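[1] here are the coordinates; sequence isn't available:
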């Protein structure tokens, strides 16, 4: 028998201990504090030493965790709202999961005398699974909205003793379609190697964009695609990336002059990293962003003005440079 439920959690980019954002009572009450600001779902997609994933779900009305008499073999679809946009996204899912029916302390988190630790990394969980699918933040691009999802923390859609309704059937079909679309790009059983969190690699904040060698290949392929794109429209070009002007090329045609910053990805999803200098110059009328997807195989070029860029992309800083400016 098919067993499926959705759960709604706070939003986190990587679910490996980073900040969690969401309109939940506990998160709101502790927002701005130290360790308390981090929701328990912060580690939902971080595997334990034996490869088990432990999932936290905020309490439903009257403080219940998801439970069913037949508690094994469930597909659990994780939903979260991007705090900057409307709608919710599928951020991952578990297959063949076990519903614990209550919140438990993570295994092995005890002191030598057998007492539970009071470490800031003591998180509780109510679902566990050996098979997790994680959707990286750059792939969470198509939100949806539904009243039945907004009103709860979790809902059983089909399974033993689950009442079937037209609403549940509709949501089940919607979520199955979402998972079918994401299955080919989601990371199965994510680890630090297969789904890196850039914030954890202070030596290379671009680690989430691949190795330096891979990034260089993508960069060069993207530049060639952009040159071909503008040359086909009658532009001449000069490469100025080495001058640190905040853009890579000047393209000219008659009296038209464009300052073009080139960004490329090896996959189909548009994502980029902007330096402070690149971000500073993008408000000028001549500025363009040339975004290249699938750069290493069949490059596709999209050109954005500043206005179109601000509408299409959200920007979040995650690296800051600190310089000592006065005596303490």
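    Now that the structure is in, tell me what you want to look at. Computed from a predicted structure; not experimentally measured.

[2] doesn't residue 236 make contact with residue 252?
    Yes. At 5.3 Å, residue 252 counts as touching residue 236 under the criterion of CB atoms under 8 Å. Placement of C-beta: from N, CA and C, glycine included.

[3] the more surrounded of these two?
    In this view residue 252 and residue 236 are compared by other CB atoms under 10 Å, and residue 252 has more residues nearby, 14 against 10.

[4] tell me which element the more buried one falls in.
    strand 249-253 (DSSP states H and E).

[5] can you give the contact residues for that strand?
    223, 226-227, 230, 233-241, 257-260, 262 (CB atoms under 8 Å, 6 or more residues apart in numbering).

[6] direction included, what does it pair up with?
    Sheet pairing of strand 249-253 (DSSP bridges) gives strand 236-239 (antiparallel), strand 256-264 (antiparallel).

[7] in the last one, what counts as buried?
    Counting neighbours by 16 or more other CB atoms under 10 Å, one finds that the buried residues in strand 256-264 are 258, 259, 260, 261, 262, 263, 264.

[8] between those, which sits nearest residue 213?
    Nearest to residue 213 out of those is residue 264 (CB to CB; 14.4 Å).

[9] helix, strand or coil: sort out the closest residue to the closest one other than its chain neighbours for me.
    In space, residue 264 comes closest to residue 222 once its chain neighbours are excluded; the distance is 2.7 Å by CB to CB, 6 or more residues apart in numbering. In three-state terms, and counting by DSSP: H, G, I helix; E, B strand; the rest coil, residue 222 is helix.

[10] relative to the centre of this structure, find the outermost residue for me.
    residue 254 (42.9 Å; CA atoms, centre = their mean).

[11] OK, contacts around that residue?
    Residue 254 neighbours (CB under 8 Å, 6+ apart): none.

[12] that one and residue 247, how far apart?
    20 Å (CB to CB, to the nearest Å).

[13] please apply the same query to residue 232.
    20 Å.

[14] which one's more surrounded, these two?
    Legend: neighbour count by other CB under 10 Å for residue 232 and residue 247, higher for residue 247 (24 against 8).

[15] I'd guessed residue 71 sits against residue 99; true?
    Yes. Assessed by CB under 8 Å, residue 71 is found in contact with residue 99 at 4.4 Å.

[16] what about the two, which has more around it?
    Of the pair residue 71 and residue 99, residue 99 is the one with more neighbours under other CB under 10 Å, namely 26 against 16.

[17] contacting residues around the more buried one?
    By CB under 8 Å, 6+ apart, residue 99 lies in contact with 65, 66, 67, 68, 71, 72, 74, 126, 127.

[18] can you give me every residue that contacts the fifth one?
    This means residue 71. Contacts of residue 71 (CB under 8 Å, 6+ apart): 98, 99, 100, 101.

[19] let me know the pLDDT of it.
    For residue 71, the pLDDT comes out at 96.

[20] let's check: the centremost residue of the chain is which one?
    Central residue of the chain (CA atoms, centre = their mean): residue 137, 1.6 Å from the mean position.

[21] where does the residue lying closest to that one once chain neighbours are set aside sit: helix, strand or coil?
    Leaving aside its sequence neighbours, residue 137 sits nearest to residue 13 (CB to CB, 6+ apart; 4.4 Å). State at residue 13, reduced to three classes by three-state DSSP: coil.

[22] show me what secondary structure element comes after the helix or strand of the chain with the lowest mean pLDDT.
    For the chain, counting by mean pLDDT, DSSP states H and E, helix 25-30 ranks last in confidence among helices and strands (a mean of 49). Next helix or strand after helix 25-30 toward the C-terminus (DSSP H and E): strand 53-55.

[23] can you list the residues that contact that next one?
    7, 41, 43-48, 76, 78, 94, 97, 106, 123, 125-130, 132, 189.

[24] buried residues, it. List them.
    So for strand 53-55, counting by 16+ other CB under 10 Å, buried means 53, 54, 55.

[25] so which residues of this protein form strands?
    Secondary structure of the chain (DSSP state E): strands at 4-8, 53-55, 74-81, 88-105, 124-129, 131-134, 154-158, 187-188, 236-239, 249-253, 256-264, 287-293, 300-304.

[26] can you list contacts of the third one?
    Among residues not part of strand 74-81, those counted as contacts by CB under 8 Å, 6+ apart are 2-12, 22-23, 44, 55, 66, 68, 87-99, 127, 129, 149, 159, 175, 179.

[27] buried ones only from these, please, as a PyMOL command.
    Buried residues within these, by 16+ other CB under 10 Å, are selected in PyMOL with:
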select buried, resi 3+4+5+6+7+8+9+10+11+12+22+44+55+66+68+88+89+90+91+92+93+94+97+98+99+127+129+149+159+175+179
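
[28] if you skip the residues just before and after it, what's nearest to residue 239?
    Closest to residue 239 by CB to CB, 6+ apart is residue 249, at 5.7 Å.

[29] ignore the last one, residue 289
    residue 304 (4.4 Å).

[30] what's near enough to touch the one you found?
    So residue 304 contacts 288, 289, 290, 291, 312 (CB under 8 Å, 6+ apart).
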